[in-house]
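Have a look at this fold, sequence not included:
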């Protein structure tokens, strides 16, 4: 079963790059100097942000659907990110090195399947979920904190 993973489009975040800490705080966003690797996963590139770079921590609506599962949560975006990750049948390392919660979502925006996986089991979980035709797409989340990681679509 083929799938595609894309990082978030950077355009909705680019107006935030370079704003003062006070301007960001007024928007409920905080800037963090990256001091550990790989502790700050960028949702645009789907790669850890390098030590010394800056990350914006902001609330993001990752499931903007009209269902009880509508959801938003905190995510990191690398300040200055401009190129989203995009690949078919390839998992970025941030989705295999950490425990991942996978949520199979139907066309009505409702979760129909869910499981935890890590390493090679993430791919197996994606393929298993997509064998169910009621699953329209899959959301991945970092299991420990529950933060949205990426969306997975059939190809």
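Nice, thanks for sending it over. Since this is a predicted model, take the numbers as computed values, not measurements.

Go through stretch 140-149 and flag the buried ones.
Using 16 or more other CB atoms under 10 Å as the test for burial, stretch 140-149 gives 140-143, 147-149. Using the backbone N, CA and C atoms, a C-beta is placed for each residue, glycine as well.

and the residues you listed, which of them are in helices?
Within the buried residues of stretch 140-149, no residue falls in helices by DSSP state H.

Please determine how far residue 45 is located from residue 28.
Going from residue 45 to residue 28 by CB to CB, to the nearest Å gives 23 Å.

okay, those two: which has more neighbours?
Shown here are residue 45 and residue 28; by other CB atoms under 10 Å, residue 45 has more neighbours (20 against 10).

Mind checking what secondary structure the more buried one has?
Here residue 45 is recorded as coil under DSSP: H, G, I helix; E, B strand; the rest coil.

and it, what does it touch?
By CB atoms under 8 Å, 6 or more residues apart in numbering, the contact set of residue 45 is 7, 78, 81, 83-85.

Relative to residue 16, which of these is nearest.
residue 81 (10.6 Å; CB to CB).

on that earlier part again, of the contacts of residue 45, select the buried ones using a ChimeraX command.
The buried residues among these can be selected in ChimeraX (16+ other CB under 10 Å) with this line:
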select :7,78,81,84,85
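
In CSV, list the contacts of residue 45 along with distance to residue 114.
Output for the contacts of residue 45, formatted as CSV (distance: CB to CB, whole Å):
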residue, distance to residue 114
7, 22
78, 28
81, 28
83, 30
84, 25
85, 23
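
of all the contacts of residue 45, which comes closest to residue 38?
Nearest to residue 38, judged by CB to CB, of those is residue 78 at 12.4 Å.

Would you map the strands across the chain?
Using DSSP state E, the strands of the chain run over 3-6, 30-33, 54-63, 71-78, 86-88, 100-105, 111-117, 137-142, 148-154.

quick one: buried residues of the top helix by length along the chain?
Secondary structure assigned by DSSP H gives helix 121-130 as the longest helix of the chain. Using 16+ other CB under 10 Å as the test for burial, helix 121-130 gives 121-123, 125-126, 128-130.
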